[in-house]
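Novice: Okay, here's the prediction I keep looking at, along with the sequence it came from:
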Amino acid sequence: MERLIEEIPNFFTIWNVIFLAKAMGVTFLLTAIGCLVGFSVGGLLAIFRKTKSIYLLPLRIFIVIYTEIFRRVPFLVSLLLFFYVFQIIKISDDLFLIATITVCIIATAYIGEIIRSGIESINQTQWDAATAMNFTYYQTLREVIFPQAWKVILPPAFGFFIMFIKDTALASQIGVMELTFAAKILNNKGFSPLLSFGTILILYFILSFPLDRFGKYMERKLASNKN
Amino acid sequence: MPQIKIKSINAFYEKLHVLKNIELNVSKGEIVSLIGPSGSGKSSLLKMLVGLLIPKSGKIYLNENLVNFKNQSDLRTIREQIAIVFQQYNLFQNMNVLKNVCIAPTKIQKRDPKEVNEQALNLLEKVGLKDKLKSYPDELSGGQQQRVAIARALCLNPQILLLDEITSALDPELVKEVLDSIRLLASEGMTMLIVSHEMNFVKEVSSRVVFMDEGSIIEINNPRNIFEKPKEKRTLDFVSKILKEK
């Protein structure tokens, strides 16, 4: 304990603080880009998956295959796969870019599925009423289905986002300098594991807590039937 | 000249043959009631008329125009002219009463919101729900929801109104009010197809009654004949059973 207290002034030097802040920024960016791309592209996939047009059948098949594969493959496996594919075809050796692309692909598959199940949770009678009044598919989604589906979509979506902050730690496996990797480096420099990993534990909490509160706020705002 | 002409229509829910060789003409201003046991195809026939069930064969003419159910523009046209009130009301759960009534006329028919609002208020007053404008469907009783659904359908200014079991959820004292509204609509030239298990309602309001069983039309007759001297034995069995239960 005494050693730990002695270490604290040396640990929280300006350089280490900047180093950890940068790593925290990487973790934040990976999560934010993953969530934003996942939510928007995943939303589009869910919308197209529900269409009935024969012309969109190939797209629907692609969406099903894509979603089912990437929801079943562990994040680390996808990450390593993309890492080696990028190495082989020499697209880029930017580790952050590789991690970001992988994160977006996984998040899109997961969130697309969450949004699809939200859409499907709404009773067919709501679709029938809208169709009988000449609403188009997209008008029905916007005016009738999504306002009712948010309460089904948002809790698991934000649960996924928060889990995702933690999952980005796996990006350290290909050398992305995010929070977990930064803690490992500080530990390897001789700082106690308790101090190194204890600090990033607090930083992970600082990242995930506001997201959790934001999720609750959005649930209150959007997920009420009465809006 | 029939406003709706249904010729040899067959329709399926997947493999289930729900409408078998249906032939029916409905003239302007006529009130045709569809009766028959559950699963006889009455609601399916109404759903088909608004394109929620696509027929596999046969032809439908609306105001003498052949409807192509594979053509979105034709589907839009029939839905502009025909409104349906569903058995389960199907009100939009995320909208209050007034918005439920106004949304399609303003957003889909692109009518003037002020004029729609005024018409909606009149209709809601007619069905006795002017004090519930801001209420949501889950705050209303079944009967109240059904009346909102009727107002919502009427606000679309349809030529033809389809009513699927609309009295089933109404309080007995409100059935008369709805009946009166329907009579008024008929006197204004509104054509109506009504599915109902309420035989008194059917007797009182219909110009003709269609008895359906197992997806087929068994008999078409005037209400007096269908209830007192039906031509078909199946009609007699059904009517006697229903009247006995009453």
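Specialist: Looks like it arrived, so ask away.
Novice: Can you give me the neighbour number for residue 155?
Specialist: With no chain named, the answer covers chain A. A count of nearby residues for A:Pro155, using other Cβ atoms under 10 Å in any protein chain shown, gives 17. Where C-beta positions appear, they are placed from N, C-alpha and C, glycine not excepted.
Novice: was after chain B, sorry
Specialist: B:Cys155: 25 surrounding residues under other Cβ under 10 Å.
Novice: Check B:Ala120 too.
Specialist: B:Ala120: 24 neighbours (other Cβ under 10 Å).
Novice: separation between it and chain A?
Specialist: 14 Å (Cβ to the nearest Cβ, to the nearest Å).
Novice: Quick check: which element contains that residue?
Specialist: Per DSSP states H and E: B:Ala120 is located in helix B:113-126.
Novice: who touches that helix?
Specialist: The contact list for helix B:113-126, computed with Cβ atoms under 8 Å, 6 or more residues apart in numbering or on different chains, reads B:97-98, B:101-102, B:105-106, B:130, B:132-133, B:148, B:151, B:154-155, B:181.
Novice: What residues sit buried inside the longest helix seen in chain A?
Specialist: In chain A, taking DSSP state H as the definition, the longest helix is helix A:14-49. Of all the residues in helix A:14-49, those buried under the rule 16 or more other Cβ atoms under 10 Å in any protein chain shown are A:16, A:20, A:23-24, A:26-35, A:37-39, A:41-43, A:45-47, A:49.
Novice: Same question for stretch B:6-15.
Specialist: Buried, per 16+ other Cβ under 10 Å, within stretch B:6-15: B:Ile6, B:Ile9, B:Ala11, B:Phe12.
Novice: Same list as before, these that is, but in TSV and with pLDDT and distance to chain A included.
Specialist: Converted to TSV, these look like this (pLDDT from 0 to 100; distance: Cβ to the nearest Cβ, whole Å):
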residue	pLDDT	distance to chain A
B:Ile6	96	18
B:Ile9	96	18
B:Ala11	96	15
B:Phe12	95	16
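Novice: and the nearest residue to B:Val239 once chain neighbours are set aside, what does it touch?
Specialist: Spatially, and ignoring its direct neighbours in sequence, B:Val239 is nearest to B:Phe227 (5.7 Å; Cβ to Cβ, 6 or more residues apart in numbering or on different chains). If you count contacts by Cβ under 8 Å, 6+ apart, B:Phe227 has them with B:Met199, B:Lys203, B:Val209, B:Val239, B:Leu243.
Novice: Look up how far chain A lies from B:Phe227.
Specialist: For B:Phe227, the distance to chain A equals 31 Å [Cβ to the nearest Cβ].
Novice: residue contacts, the residue nearest the centre of chain A?
Specialist: Relative to the mean C-alpha position of chain A, the nearest C-alpha, by Cα atoms, centre = their mean, is the one of A:Cys35, at 3.9 Å. By Cβ under 8 Å, 6+ apart, A:Cys35 lies in contact with A:Ala107, A:Ile111, A:Phe161, A:Phe164.
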